[in-house]
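**Q** Here's a sequence, model it:
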Amino acid sequence: MANKTKYSKQLINDICAELAQGRSIRSCLSPVNKKEDRPCWETFRTWLNKNPEVREQYTQAKSDGIEYLLSDSEDVIKEALANSKLKEKTDLGQTHLIKAYLDLNKWKSEKLSPKVYGKQSDSLTLLGKDASIQVKWQK
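**A** I've put the predicted structure just below:
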């Protein structure tokens with residue numbers, strides 16, 4: 001059954017506002033309550049492909065969401081450190097969960113915005129048909 005959600009700027013703004021808070025597109029497209037009308041992924045993807053303004057807004061919201069997640073990660077670390085100072089022993093399970101959470105946010109950042117958060121290389125290799133050129137940076 002096809003999704004009958006009608007395109008509106010307000011709907012796009014609402015979805016992008018949620019993306020900017022670090023939510024996934026999948027969760028943003030799921031209605032919070034039954035009264036809300038959210039498009040399915042295919043409908044939203046069609047809107048992205050047909051409208052460059054929507055694509056730009058989506059891209060900016062995803063970038064903002066990365067910043068939000070990284071900020072949230074910092075808050076989680078600070079809270080965990082504050083809590084660990086209050087206890088004699090730190091819960092190892094909690095420590096592993098926090099590390100997994102931080103690693104996930106770091107990985108998301110590197111994959112979703114590699115130019116900003118990706119690992120920087122100290123060399124560049126250009127491959128041609130008969131030869132290759134390698135440029136190295138020195139610190």
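**Q** got any ranges where the protein has weak pLDDT?
**A** Confidence mapping of the chain against pLDDT under 70 gives the ranges 1-3, 33-35, 120-125, 137-139.
**Q** buried ones in whichever strand or helix holds T43?
**A** Using DSSP states H and E, T43 falls within helix 41-50. Buried residues in helix 41-50, counting neighbours by 16 or more other CB atoms under 10 Å, are found at T43, F44, W47, L48. Heads up, the C-betas are built off the backbone N, CA and C, glycines and all.
**Q** Out of these, flag the one nearest to K115.
**A** Nearest to K115, judged by CB to CB, of the buried residues of helix 41-50 is L48 at 20.2 Å.
**Q** burial measure for the residue lying closest to the closest one once chain neighbours are set aside, as a count.
**A** Leaving aside its chain neighbours, L48 sits nearest to R55 (5.0 Å; criterion: CB to CB, 6 or more residues apart in numbering). Using other CB atoms under 10 Å, R55 is surrounded by 13 other residues.
**Q** Look up which helix or strand R55 falls in, please.
**A** If you go by DSSP H and E, R55 is part of helix 52-86.
**Q** what's the distance between that helix and the middle of its chain?
**A** Offset of helix 52-86 from its chain centre (CA atoms, centre = their mean, to the nearest Å): 8 Å.
**Q** Likewise for stretch 107-114?
**A** 7 Å.
**Q** neighbouring contacts of it?
**A** K62, S63, I66, L69, L70, V116, Y117, G118, K119 (CB atoms under 8 Å, 6 or more residues apart in numbering).
**Q** at 10 Å instead, please
**A** For stretch 107-114, contacts defined as CB atoms under 10 Å, 6 or more residues apart in numbering pick out 22, 24, 59, 62-63, 65-67, 69-70, 73, 116-119.
**Q** can you check stretch 67-86 too?
**A** 19-23, 90-91, 94-95, 97-99, 101-106, 108-109, 112-113, 116-117.
**Q** which residue sits closest to the most centrally placed residue in the chain, ignoring its sequence neighbours?
**A** Nearest to the geometric centre of the chain sits I66, at 4.5 Å (CA atoms, centre = their mean). Excluding the flanking residues, the one nearest I66 by CB to CB, 6+ apart is S109, at 5.0 Å.
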